[in-house]
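*Asks:* here is a sequence together with a model predicted from it:
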Amino acid sequence: MRYRILSVLLLFLLTASIGLAGDWRVIPIKMFLGPKAKSGSVRLINNYQAPLNLQVSAKTWSQDINGQDIYEETDDIIFFPRVMTVPPGKEQVLRAGIKIPATTTEKTYRLFIEEIPESTRTGSASVTVAIRFGLPIFVAPLEEKSTTEVTIAEISNGTFTAAVKNTGNVHFLPGSAVVTGKDKTGQEIFSKDLKPWYILAGMSRPYSYSIPPGACQKLATLRFEITDSTQQLSRDIPVSGDQCHQ
């Protein structure tokens, strides 16, 4: 019998470097291009005791109305090499550049760096593991404008819903998105992390949370708060018992 692990997609990465499960590293984990920097590079470091075989592909990165990421083939990005072997304990540089000029809105791409798997046989099972990392590439607009707003924040039938719209022309990456419920004395009943993610220029991201019925009946207010390193957006919502009926 064969068991196959096709890929592990590592996308939500906020540190300056990342060590992947296959024991290889990408430094840095984002690339910023634009009018003053039309090309850039990252280091791929192999901590394996065996050669590391990698393949690279470029895709445009957009989002749909539900905030889900969409990737499509593109020729906008030039990169080299497309296939590489990194010796044990060594590193190789991956270079990339943009072919098209900057426009009024930030352009977003990902370079997918994927390990070419080797089969490992254990008894009758064959296991294939492929680590896949999506390196974000942000191409700056001619002039940056960073603005974001909470367009919806409400509770109905015991479910909290909110929407955050990026009204600027560059991406927005919140550090946190939290909904907190308090009773009439101001005591906190619950606090829920809603797992923030990128909101690309001009796009919206919905958030929702089904409040446990017992907690909902005790609520007097809900506070939705979303923050990044430069701004904090919040919305307070009064809650009545009839909003908790499901």
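*Replies:* Cool, the structure landed.
*Asks:* for the helix or strand that S191 is a member of, list the C-alpha coordinates in CSV.
*Replies:* Secondary structure assignment for S191, by DSSP states H and E: strand 188-193. The C-alpha atoms that make up strand 188-193 are tabulated as CSV, following Å, rounded to 0.1, in the frame of the first residue of the first chain:
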residue,chain,number,x,y,z
GLU,A,188,-14.7,39.7,30.2
ILE,A,189,-16.7,36.5,29.2
PHE,A,190,-14.6,35.4,26.3
SER,A,191,-11.9,36.5,23.9
LYS,A,192,-11.5,34.8,20.6
ASP,A,193,-8.5,35.1,18.2
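*Asks:* what lines up beside that strand in the sheet?
*Replies:* According to DSSP bridges, strand 188-193 has the following sheet partners: strand 176-182 (antiparallel).
*Asks:* any idea how far the strand it pairs with is from the chain center?
*Replies:* 20 Å (Cα atoms, centre = their mean, to the nearest Å).
*Asks:* buried ones in it?
*Replies:* Using 16 or more other Cβ atoms under 10 Å as the test for burial, strand 176-182 gives A177, V178, V179, T180, G181, K182. (Glycine included, C-beta is placed from N, CA and C.)
*Asks:* could you export these as TSV, including pLDDT and distance to E72?
*Replies:* Output for those, formatted as TSV (pLDDT from 0 to 100; distance: Cβ to Cβ, whole Å):
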residue	pLDDT	distance to E72
A177	95	27
V178	96	33
V179	97	33
T180	97	38
G181	95	40
K182	96	44
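*Asks:* between these, which is nearest E149?
*Replies:* When these are compared for distance to E149 (Cβ to Cβ), A177 wins out at 13.9 Å.
*Asks:* isn't the closest one up against K192?
*Replies:* No. Applying Cβ atoms under 8 Å as the test, A177 and K192 come out as separate, 9.4 Å apart.
*Asks:* now do the shared contacts for those two.
*Replies:* With Cβ atoms under 8 Å, 6 or more residues apart in numbering applied, the contact sets of A177 and K192 do not overlap.
*Asks:* pick out the most distant pair among the buried residues of strand 176-182.
*Replies:* Between any two of the buried residues of strand 176-182, the greatest separation by Cβ to Cβ is 17.7 Å, found for A177 and K182.
*Asks:* do you know the pLDDT at the residue nearest to H245 when sequence neighbours are not counted?
*Replies:* The shortest distance from H245 to any residue other than its chain neighbours is 6.5 Å, reached at N157 (Cβ to Cβ, 6 or more residues apart in numbering). The model reports N157 with a pLDDT of 92.
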